[in-house]
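Asker: Give me coordinates for this.
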Amino acid sequence: GPSNNPNDNEVIESACYSRLAEQYMIDKYKTDEEYWAKYNVQPSWTYFGAHNGLFRRIPAIHQEECGQYDPRRRPWFVAASSDPKDVVLVIDVSGSMEDYGRMDIAKEAAITIVETLTVADRVAVVSFSSRAAQIGGFSS
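Answerer: Below you'll find the predicted structure:
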């Protein structure tokens, strides 16, 4: 929306209810700062990630461009919002995948999925053209 403000009602609602946690996040950071000061270390930031991609962090940082970070794609978010998964990526490797950059799109999609996996998840890759073959991963 205008001035980089969200215009989706669900995101606006998430921003409003996440403000309820803001003071806790600030207080926690101050407490952590006091504790870690004796070790000459800065505490890590505290964050909130909503199911619709809204993200808050304390201490805040200024960003020139909004929407570049989506917590729903981060392993910590996926692990907290779902059980361990068994994932099978099935990728067409036939010659037609070279047309229109299809293989690059398939690779990018596979990387996006793999980047959300945690140590509790299992993954296998099956490639196919005229025949299918499993490439690494789990077996029965």
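Asker: In this protein, mark out all the helices, start to finish.
Answerer: Counting by DSSP state H, the chain has helices at residues 9-18, 22-37, 75-81, 102-115.
Asker: Of the ones you listed, which is nearest residue 59?
Answerer: helix 22-37 (6.4 Å; CB to CB). From N, CA and C alone the C-beta is placed, and that goes for glycine too.
Asker: Now do the closest one: distance to the chain's middle.
Answerer: 25 Å (CA atoms, centre = their mean, to the nearest Å).
Asker: And that helix, what's buried?
Answerer: By neighbour count on 16 or more other CB atoms under 10 Å, the buried set for helix 22-37 is 25, 29, 32.
Asker: least trustworthy helix or strand in the protein by mean pLDDT?
Answerer: Ranked by mean pLDDT, DSSP states H and E, the weakest helix or strand in the chain is helix 75-81, scoring a mean of 77.
Asker: Next, the buried residues of that one.
Answerer: Of the residues in helix 75-81, 77, 78, 79 count as buried by neighbour count, 16+ other CB under 10 Å.
Asker: ok, those vs residue 136, which is closest?
Answerer: Comparing those against residue 136 with CB to CB places residue 78 closest, at 20.9 Å.
Asker: was I right about the closest one contacting residue 120?
Answerer: No. Using CB atoms under 8 Å, residue 78 is not in contact with residue 120, being 10.0 Å away.
Asker: In the chain, where is pLDDT below threshold?
Answerer: In the predicted model of the chain, residues 1-5, 137-140 satisfy pLDDT under 70.
Asker: one more time with 80, if that's ok
Answerer: Per-residue confidence for the chain (pLDDT under 80) gives these ranges: 1-7, 63-69, 73-81, 136-140.
Asker: Just name the closest of the buried residues of helix 22-37 to residue 126, please.
Answerer: Of the buried residues of helix 22-37, the one sitting nearest to residue 126 (CB to CB) turns out to be residue 25, at 43.1 Å.
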